[in-house]
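Trainee: Give me a model of this one.
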Amino acid sequence: MPAALHTDLGCDAVGVPARYGLRLLGRMPSTGCVFADSAWWWWIVPAGSDLDLAWPLPSHYARGARVPATGARLIRLPTGPSPYTPPIPLYLMVCQLTGAAPRWPAGVGGTARR
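Mentor: Numbering: from 1, shown residues only. Predicted coordinates for the structure are as follows:
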């Protein structure tokens, strides 16, 4: 991570095969740091961005941003002061690109009963 960026929320990473990289980058309203090698593109997200989310295949969620990549390099600086890509828009875009329906935990988005 670039030294000037604060990672107070911890770091995880979401990877997609390189064939989705440019399309995903072009659809995101804002991005944090993006790293890539020849096979995968990795978006930095706050730690715990997999809580109650099932990231669709072929994406890969890497806790601690420990990515199974060789020679990944920073290819995109954040569009703002945060190193993080917002995880919910990223999740929705990954679902759209991979043809997967978003899966939310039971009870999320439902109406509350009183």
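Trainee: what are the ranges of the strands in this structure?
Mentor: With DSSP state E, the ranges of strands along the chain come out as 12-17, 34-36, 40-45, 60-62, 73-76.
Trainee: what's the pLDDT at the residue nearest to Val16 when sequence neighbours are not counted?
Mentor: Take Val16 and drop its neighbours on the chain: the residue closest to it by CB to CB, 6 or more residues apart in numbering is Ser59, 5.2 Å away. Quick note: C-beta positions are derived from backbone N, CA and C, even for glycine. Residue-level confidence at Ser59 comes out at 95, pLDDT.
Trainee: residues in contact with Ser59?
Mentor: 14-16, 94, 98 (CB atoms under 8 Å, 6 or more residues apart in numbering).
Trainee: ok, so of those, who is nearest Tyr84?
Mentor: Among these, Val14 lies closest to Tyr84 (CB to CB), at 10.8 Å.
Trainee: Give me the neighbour count for the closest one.
Mentor: Residues near Val14, counting by other CB atoms under 10 Å, number 25.
Trainee: rewinding a little: quick one, which of the strands of the chain is packed in tightest?
Mentor: Of all the strands of the chain, strand 40-45 carries the top mean neighbour count, a mean of 26, counting by mean count of other CB atoms under 10 Å.
Trainee: Any chance you could list what contacts that one?
Mentor: With CB under 8 Å, 6+ apart, strand 40-45 has contacts from 1, 11-18, 20-21, 24-25, 31-36, 60, 62, 65, 67, 69, 72, 75, 83-87, 90.
Trainee: quick one on the thing from earlier: which of the strands of the chain sits closest to His6?
Mentor: strand 40-45 (12.1 Å).
Trainee: strands paired with the closest one, and their directions?
Mentor: Applying DSSP bridges to the sheet, strand 40-45 is found paired with strand 12-17 (antiparallel), strand 34-36 (antiparallel).
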